[in-house]
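Asker: how would this look folded up:
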Amino acid sequence: MPQEIKEQPISPEIPRTEPSLEIPSSPEIKEKEAKVARPEKIEHELKKISKHLPGTKPQAVPDLIKEKSETLKQIESILSEDLEDIYKSLPDNLKREFKEKGEKTASKIEQLVHQAKIVVHKIVDLIRRWLLAVPGVNKFFLEQETKIKADKILALAEKEKKEKI
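Answerer: Predicted structure coming up:
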């Protein structure tokens with residue numbers, strides 16, 4: 001004869017225990033935490049991985065780790081000229097976004113400057129799009145700053161080309 005299993009009701013008197021939030025520490029976890037990736041190791045791993053992928057060439061270290069070139073620093077300096085007051089007046093979330101967009105714009109402009117034929121309208125367009133990130137920017141201020149910054153970047157590009165020759 002099968003035994004009857006009686007279900008016992010859950011009693012409100014029995015205290016429920018919360019699960020422990022502490023993560024047990026093991027030698028394996030400590031060993032993994034001790035390993036810190038260095039830029040040289042990351043670059044080596046990227047090259048090793050990209051060798052085996054079809055249609056890819058070995059990539060350099062990501063932009064966050066790379067040192068900025070002198071040209072890039074000068075372009076960023078030109079772009080940031082006369083914008084300190086505007087930058088300070090932006091809310092924190094827009095400051096971060098504006099800065100990131102400015103750095104991307106500067107790197108794209110650097111690539112355009114290093115080409116054999118500089119396409120001015122692309123540089124002007126990049127600067128204009130970056131300045132449009134400022135909320136409520138005056139149209140005339142935008143055009144004036146775009147032209148000034150583009151002229152300075154073109155002068156920098158000409159100077160660099162003369163130094164190479």
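
Asker: what strand or helix carries Lys152?
Answerer: Assessed by DSSP states H and E, Lys152 sits inside helix 139-164.

Asker: and for Leu72?
Answerer: Using DSSP H and E, Leu72 sits within helix 70-80.

Asker: pLDDT averaged over that helix - what is it?
Answerer: Mean pLDDT, helix 70-80: 93.

Asker: and that helix with helix 139-164, angle?
Answerer: 160 degrees (axes from the mean of the first three to the mean of the last three Cα atoms, to 10 degrees).

Asker: just checking, Val134 touches Phe98?
Answerer: Yes: taking Cβ atoms under 8 Å as the definition, Val134 is a contact partner of Phe98 at 6.9 Å. C-betas here are computed from N, CA, C, even on glycine.

Asker: who touches both of the two?
Answerer: Listed as contacting both Val134 and Phe98 by Cβ atoms under 8 Å, 6 or more residues apart in numbering are Leu90.

Asker: buried residues in the helix holding Leu72?
Answerer: For helix 70-80, burial by neighbour count (16 or more other Cβ atoms under 10 Å) applies to 71-72, 74-76, 78-79.

Asker: shaky segments in this structure?
Answerer: For the chain, the stretches with pLDDT under 70 are 1-66.

Asker: can you do 50?
Answerer: The chain contains residues with pLDDT under 50 at 20, 36, 58-61, 63.

Asker: neighbours of Lys139, how many?
Answerer: Residues lying near Lys139 (other Cβ atoms under 10 Å) number 7.

Asker: circling back to that earlier point, which positions in the helix or strand just after the helix holding Leu72 come out as buried?
Answerer: The helix or strand immediately downstream of helix 70-80 is helix 84-89, counting by DSSP H and E. When neighbours are counted by 16+ other Cβ under 10 Å, no buried residue of helix 84-89 is found.
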